[in-house]
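>>> got a predicted structure here, sequence first:
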Amino acid sequence: MPDFFDDLVFSPEDIITFPGGIPGFENSKRFVIVPVPQCEPFSWLACVDGAPPLRFAIINPLIFIPDYSPKLSKEQLSDINIGIGDLHDLVLYAIVTIGQNPIDSTANLTGPVIINKNTKLGKQVLIDDDRYSTQDPIIRKNR
């Protein structure tokens, strides 16, 4: 598979800052979203803070669970400058684990990645909601 990140070109306006990093990668704070047409509907959240390369496959969870609605608090959203009235400024993603067989790929729906598209601030929020898991199947066999 070609490395889509060898010649990654982006502008400063493309950078999304995660003030607290991503859980487990707290020192990685600046990322860009890299759409790869050959991998749609997936994109990549790629860290631009240096080596070694850090990348996460991401997907909009509404593509495979149209009624996905994680319960978020004002406190969880305050670090990325979102007020409750500004929810239309949010972009929502889930981090994906791509299985060896793509049909086995899963998404972490208890840890959505939320991005304020206006301020370019992001955060992975951890939610406690029994409707979702860290390994929700992307392809649902009984739907």
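Perfect, I can see it now. Numbering: from 1, shown residues only.

>>> would residue 13 count as being in a helix?
Yes - per DSSP: H, G, I helix; E, B strand; the rest coil, residue 13 lies within a helix segment.

>>> relative to residue 132, how far out is it?
Distance from residue 13 to residue 132, counting by Cβ to Cβ, to the nearest Å: 32 Å. All C-beta spots, glycine's among them, are computed from the backbone N, C-alpha and C.

>>> next SSE after the helix or strand bottoming out on mean pLDDT in the chain?
The helix or strand of the chain with the poorest confidence is helix 74-78; it has a mean of 77 (mean pLDDT, DSSP states H and E). Per DSSP states H and E, the first helix or strand lying C-terminal to helix 74-78 is strand 90-97.

>>> would you mark the buried spots in that next one?
Residues 90, 92-96 are the ones in strand 90-97 that count as buried (16 or more other Cβ atoms under 10 Å).

>>> and that strand, which strands flank it?
strand 55-59 (antiparallel), strand 106-116 (antiparallel) (DSSP bridges).

>>> what's the most buried one of those strands?
Comparing the strands paired with strand 90-97 by mean neighbour count (mean count of other Cβ atoms under 10 Å), strand 106-116 ranks first with a mean of 21.

>>> remind me what the next helix or strand after that one packs against, helices and strands.
Using DSSP H and E, the helix or strand that follows strand 106-116 towards the C-terminus is strand 121-124. Secondary-structure packing of strand 121-124 (3 or more Cβ pairs under 8 Å, 6 or more residues apart in numbering; DSSP states H and E): strand 16-17, strand 106-116.

>>> quick one: which of the ones you listed is nearest residue 45?
For residue 45, the closest of the helices and strands packed on strand 121-124 is strand 106-116, at 6.8 Å, according to Cβ to Cβ.

>>> put the alpha carbons of the closest one into PDB.
Below are the C-alpha coordinates for strand 106-116, written out as PDB (Å, rounded to 0.1, in the frame of the first residue of the first chain):
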ATOM      1  CA  THR A 106     -14.600  -1.400  14.500                       C
ATOM      2  CA  ALA A 107     -15.100   2.200  15.700                       C
ATOM      3  CA  ASN A 108     -14.600   3.600  19.200                       C
ATOM      4  CA  LEU A 109     -18.000   5.200  19.800                       C
ATOM      5  CA  THR A 110     -17.300   5.800  23.500                       C
ATOM      6  CA  GLY A 111     -14.400   8.100  22.600                       C
ATOM      7  CA  PRO A 112     -15.600  10.400  19.900                       C
ATOM      8  CA  VAL A 113     -13.200  13.000  18.400                       C
ATOM      9  CA  ILE A 114     -14.900  16.400  18.400                       C
ATOM     10  CA  ILE A 115     -13.600  19.300  16.400                       C
ATOM     11  CA  ASN A 116     -14.700  22.900  16.500                       C
END
